[in-house]
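Engineer: just the structure for this:
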Amino acid sequence: MVVTLKVTDGEHGEWAVLHVSGEMDLVTSPVLRQRVHDAVADGRRSLVLDLSGVVFCDSSGVGVLIATRRLIRSCRGELRLILPPDGTGAAAGGRGQGAHVNRVLGALGVRRLFDVHPDVASAVDGAPDDDEEAGPLSA
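Structural biologist: Residues are numbered from 1 along each chain as shown. Below is the predicted model of the structure:
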């Protein structure tokens with residue numbers, strides 16, 4: 001079985017929303033990187049990455065997330081991630097998706113770098129996740 005990465009565009013007010021599903025690995029991560037660059041080139045500075053449908057993420061996927069954070073910050077924009085803590089997000093379909101990225105970022109100690117939300121509605125409304133580690137660093 002071959003699993004690829006699928007990125008679909010959406011909009012929610014001023015927010016560009018990229019819904020990501022599949023596997024984020026060395027082969028597929030450049031797809032997400034390009035879509036982020038395209039959104040920024042189109043003038044989008046408020047970006048939500050909905051990762052609730054991601055079933056696997058390796059270090060190259062994490063690298064794309066960190067590079068995205070750096071790019072958006074350099075444009076004085078905002079980046080928010082959708083990472084359902086238990087993988088029960090709408091895109092997950094109850095199969096445990098989405099929680100994988102959350103666990104990987106936590107294990108690497110970089111989850112605190114991101115503004116994490118459980119769903120798109122809370123991300124675009126700006127309501128912070130209850131998890132204290134989820135907030136962005138001021139540095």
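Engineer: every contact and neighbour count from this point should use C-alpha atoms.
Structural biologist: Noted.
Engineer: select the longest strand from the protein.
Structural biologist: Criterion DSSP state E: the longest strand present in the chain is strand 46-57.
Engineer: pull the longest helix from the protein.
Structural biologist: Looking across the chain with DSSP state H, the single longest helix is helix 59-74.
Engineer: relative to helix 59-74, how tilted is the following helix or strand past it?
Structural biologist: As assigned by DSSP states H and E, the chain's next helix or strand after helix 59-74 is strand 78-82. Strand 78-82 and helix 59-74 are oriented at 150 degrees to each other (axes from the mean of the first three to the mean of the last three Cα atoms, to 10 degrees).
Engineer: so for strand 78-82, mean pLDDT?
Structural biologist: Taken as a whole, strand 78-82 has an average pLDDT of 96.
Engineer: would you mind writing the CA trace of that strand as PDB?
Structural biologist: Extracted in PDB, the C-alpha atoms of strand 78-82 (Å, rounded to 0.1, in the frame of the first residue of the first chain):
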ATOM      1  CA  GLU A  78       0.600  33.900  12.200                       C
ATOM      2  CA  LEU A  79       0.800  30.100  12.000                       C
ATOM      3  CA  ARG A  80      -1.500  27.700  13.800                       C
ATOM      4  CA  LEU A  81      -1.500  24.000  13.700                       C
ATOM      5  CA  ILE A  82      -4.500  21.600  14.100                       C
END
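Engineer: picking up where we left off before, can you give me how far the longest strand of the chain is from the chain middle?
Structural biologist: Relative to its parent chain, strand 46-57 has a centroid offset of 4 Å by Cα atoms, centre = their mean, to the nearest Å.
Engineer: can you list the strands that that strand pairs with?
Structural biologist: strand 15-24 (parallel), strand 78-82 (parallel) (DSSP bridges).
Engineer: next SSE after the worst-scoring helix or strand of the chain on mean pLDDT?
Structural biologist: The weakest-scoring helix or strand in the chain, judged by mean pLDDT, DSSP states H and E, is helix 99-108 (a mean of 88). Beyond helix 99-108 on the C-terminal side, the first helix or strand identified by DSSP H and E is strand 115-117.
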